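J.: no FASTA, just this:
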């Protein structure tokens, strides 16, 4: 999948946003922790997951290119259901607190 396809995937599935109850196999009972653990499995890193914040929004330190190369549509749907979204202003993944 390309980065453009990844962005389009997030935009097409906004109806699933914050539907954590639909995630079948939970890594945690908390949506944010589930998302962070899934992201770390897909795109391992050594830096903090949260790259920055502004008001009630967190910006994530995850390479969109690397994520697009490895994530399945089902995994992306899980992320959306956990409250992860694409932020076009900063071209990154983000979530509200």
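T.: Yep, it's here. Just so you know, these numbers come straight off a predicted model, no measurement behind them.

J.: can you give me how far stretch 2-12 is from the chain middle?
T.: Between the centre of stretch 2-12 and the centre of its chain there are 12 Å (CA atoms, centre = their mean, to the nearest Å).

J.: Show me what residue 53 is bridged to.
T.: When bridges are taken as DSSP bridges, the partners of residue 53 come out as residue 58.

J.: what separates it from residue 22, distance-wise?
T.: Using CB to CB, to the nearest Å, residue 53 is found at 27 Å from residue 22. From N, CA and C alone the C-beta is placed, and that goes for glycine too.

J.: swap in residue 61?
T.: Residue 61 sits 26 Å away from residue 22, going by CB to CB.

J.: Give me the more crowded residue out of those two.
T.: Between residue 61 and residue 22, counted using other CB atoms under 10 Å, residue 61 has the larger neighbour count: 15 against 10.

J.: For the nearest residue to the more buried one once chain neighbours are set aside, the count of nearby residues, please.
T.: By the measure of CB to CB, 6 or more residues apart in numbering, the closest residue to residue 61 outside its immediate chain neighbours is residue 51, 3.8 Å from it. Residue 51 has 15 neighbours, counted by other CB under 10 Å.

J.: pretty sure residue 51 contacts residue 45?
T.: No. Using CB atoms under 8 Å, residue 51 makes no contact with residue 45, being 10.4 Å away.

J.: Find the residues that touch each one of these two.
T.: Counting by CB atoms under 8 Å, 6 or more residues apart in numbering, the shared contacts of residue 51 and residue 45 are residue 61.

J.: so how far is stretch 7-17 off the chain centroid?
T.: Centre-to-centre, stretch 7-17 and its host chain are 11 Å apart (CA atoms, centre = their mean).

J.: contact partners of it?
T.: For stretch 7-17, the external contacting residues (CB under 8 Å, 6+ apart) are 1, 22, 64, 73, 76-77, 80-81, 83, 85-86, 88.

J.: Can you give me the buried ones in that stretch?
T.: 9-10, 13 (16 or more other CB atoms under 10 Å).
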